[in-house]
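Asker: next input, structure requested:
(one chain, ligands or ions: 1)
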Amino acid sequence: MARLAIEGVSKLFGTSYAVRDFSLEVGDGELVCLLGPSGSGKSTLLRMIGGFERPSGGTIRIDAKDVTSLPPERRPTGMVFQSHALWTHMDVFNNIAFGLKLRRLPKSAIHERVESALALVGLADYGRRMTTQLSGGQQQRLALARSLVLEPKILLLDEPFASLDQHLRERLREEVRDIQQRLGITTLFVTHGQDEALALADRIVVMRDGRTEQIAPPSTIYRQPQTAFVAGFIGSMNFVQSHTRNGVCGHPLFPLAIPIEDGPVTLAGRPEALVIRPSDRADAATAHRIVDFGTHKMVDIDLVDGTRLKAMVAPDDRIRAGMKVEPSFASFFAFRDSALVHQSMPAKSDAEAELLSV
Ligand SMILES: Nc1ncnc2c1ncn2[C@@H]1O[C@H](COP(=O)(O)OP(=O)(O)OP(=O)(O)O)[C@@H](O)[C@H]1O
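Answerer: Numbers count the residues shown, from 1 in each chain. The predicted structure is shown next:
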C-alpha cells in the first residue's frame, strides 16, 4: 500500500502545455480515475507518474520519497497500457515470469508468484498458451497479471479496456475493481468513459486542457458539478442560456429564484429533473422525438428559440411527438462564467437519503 502525492506538475511539449500545474494526493488503496476528453493530458500525467515522461516542473512523491527523476524500473509502479505489448514469442507463463527473472528470484518463488497472478486474473489454466492464442480480454488480463506479479505499490492503468467491446469491458472493469480491492493497491485509472469512471472510482479527477476541473467522489461529481464543463461532461445535461434580474431568472419558461447579482446565467438540469406537462401557451415547447427505452422514455423537446432539451418520462407517459409542452426543472444548477453560482436540490426521498448516508 502506498500514498502518491503530485505537486504542481507540468509538462510542456514545445510551447504548449499537455499538463499544467497539476496537484493531487491519492491515499492508500484508493482508486482514482482520470477522466477527460481526448487531449486533456490524462496519459501524459500517468506516464509522468510511471517515469516514462519527465515533468517540466513540479514533484511526484510516493510514500514521501521524491521519484520525479527516477526511471520507470526504479519506481514502485506498474503500468498497463492500452496496447498491452505482450511478448508473442513467449507463452503466458513466461510473459508473467519475465520481470521476476530479471529480478533473479529463485525458480520456485517465480513459479508460485506466476501461478497466483494467473489465478488472480482468472487465467489459471492458460500458462502454456501462446499469447497469440488468447482473446482480447484474456490478453488484457495477462497484461494486468504481468504488472501485478511485480507487486507494485501503485498500479497505473491507461485505458486498458478501450479496444474491447462494451460487454467485456464492463466485466473486466468489475474484475479489476475486485482485484484492486482485494490487494488494496493504490490505483490510477485513465479513461474517457464517464460510465467507467462512475462505476470504478473512489474519486474522479475531471481534466480539461491539462488542468483539473474538479476532484471529487463520483456522486459529488454527478450531483454537485463545480463547472459547466463538468456538468456537461458527466451524464446527460440540458443547458438553457438566460439572465437574472433581482434574483430571478428572466427566461419566461424558467422563472426560477437564483439569488445572484444581475447578469447572464446558464441553467443546467438533468433529463430526469426536467418535468414536462401539456400546455397551450403561445411560447410552449414542442415534443419532437420520443425514444422508448422500456424502463423510461426520452423525449426531445424544442423551445421556441431552437434550444433542444431532453426530458426523461415514465414508460407509460402519454406524450406524443408534436405535442405542446411546458417544461420546468425540478432541480437545477446555475453557472456564470462556467463556475457554479447556485444549485437547487430537490427534497431527497427517504430511500435516497438512506443510500447517501451509508
Ligand atoms: N510526445 C508528445 N509530443 C508532443 N505533444 C504531445 C506528446 N504527447 C502528448 N502530446 C500532446 O499533449 C496533449 C495531451 O495528450 P495526452 O495524450 O496526455 O491526452 P489524453 O487526455 O490522454 O488523450 P486521449 O484520451 O486521446 O489519450 C495533447 O495535445 C497531445 O497532442
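Asker: flag every residue of the stretch 101-250 of the chain that's near the ligand.
Answerer: Taking C-beta under 6 Å from any ligand atom, the part of the stretch 101-250 of the chain that reaches the ligand is made up of residue 192. (Each C-beta comes from the backbone N, C-alpha and C, glycine too.)
Asker: nearest to the ligand: which residue in the stretch 101-250 of the chain?
Answerer: Closest residue of the stretch 101-250 of the chain to the ligand, C-beta to the nearest ligand atom: residue 192 (4.8 Å).
Asker: wait, that residue touches residue 159, no?
Answerer: Yes: counting by C-beta atoms under 8 Å, residue 192 does reach residue 159; the two are 7.3 Å apart.
Asker: quick one: buried residues of the biggest helix by length in the chain?
Answerer: Assignment by DSSP state H gives helix 166-183 as the longest helix of the chain. For helix 166-183, the neighbour count (16 or more other C-beta atoms under 10 Å) marks 169, 172-173, 175-177, 179-180, 183 as buried.
Asker: what packs against the helix or strand following it?
Answerer: For helix 166-183, the following helix or strand on the C-terminal side (DSSP states H and E) is strand 186-191. On a contact count with 3 or more C-beta pairs under 8 Å, 6 or more residues apart in numbering; DSSP states H and E, strand 186-191 meets strand 31-35, helix 42-50, strand 154-158, helix 194-200.
Asker: quick one: mean pLDDT for stretch 166-180?
Answerer: Average pLDDT, stretch 166-180: 85.
Asker: all strands for the stretch 51-200 of the chain, in order.
Answerer: Here the stretch 51-200 of the chain has its strands, by DSSP state E, counting those that start in this stretch, at 57-62, 65-66, 77-80, 154-158, 186-191.
Asker: swap that for the stretch 251-358 of the chain, please
Answerer: Under DSSP E, counting those that start in this stretch, the stretch 251-358 of the chain gives strands at 263-269, 274-278, 285-292, 297-302, 308-313, 324-329, 332-336, 339-344.
Asker: please work out which of those is packed deepest.
Answerer: strand 332-336 (a mean of 23; mean count of other C-beta atoms under 10 Å).
Asker: what angle do it and strand 263-269 make?
Answerer: Counting by axes from the mean of the first three to the mean of the last three C-alpha atoms, to 10 degrees, strand 332-336 lies at 150 degrees to strand 263-269.
Asker: given strand 332-336, what are its sheet partners and their directions?
Answerer: When sheet partners are counted by DSSP bridges, strand 332-336 sits next to strand 263-269 (antiparallel), strand 339-344 (antiparallel).
Asker: and the helix or strand where residue 20 lies, which strands flank it?
Answerer: Using DSSP H and E, residue 20 maps to strand 16-26. For strand 16-26, the paired strands and their directions (DSSP bridges) read strand 4-13 (antiparallel).
Asker: mind listing what's buried in the strand it pairs with?
Answerer: Quick answer for strand 4-13 (16+ other C-beta under 10 Å): 4, 6-7, 9-11.
Asker: which of those sits closest to residue 338?
Answerer: Nearest to residue 338 out of the buried residues of strand 4-13 is residue 10 (C-beta to C-beta; 22.0 Å).
Asker: give the contact list for that closest one.
Answerer: 17, 19-22, 55-58, 210 (C-beta atoms under 8 Å, 6 or more residues apart in numbering).
Asker: repeat that for residue 266.
Answerer: So, once contact is read as C-beta under 8 Å, 6+ apart, residue 266 ends up touching 228, 239-242, 334-336.
Asker: beta partners of it?
Answerer: Beta-bridge partners, per DSSP bridges, of residue 266: residue 241, residue 335.
Asker: pLDDT below threshold where in the stretch 51-200 of the chain?
Answerer: 83-84 (pLDDT under 70).
Asker: also the stretch 251-358 of the chain?
Answerer: 346-358.
Asker: where does it get nearest to the ligand, which residue?
Answerer: Closest point on the stretch 251-358 of the chain to the ligand, by C-beta to the nearest ligand atom, is residue 338, at 19.6 Å.
Asker: that residue: what's its closest spatial neighbour, skipping adjacent residues?
Answerer: Ranked by C-beta to C-beta, 6 or more residues apart in numbering and with sequence neighbours excluded, the top spatial neighbour of residue 338 is residue 228, at 4.7 Å.
Asker: okay, now that neighbour: neighbour count?
Answerer: By the other C-beta atoms under 10 Å criterion, the neighbourhood of residue 228 contains 21 residues.
Asker: that one touches residue 268, doesn't it?
Answerer: Yes: the criterion here is C-beta under 8 Å, and residue 228 meets it with residue 268 at 6.7 Å.
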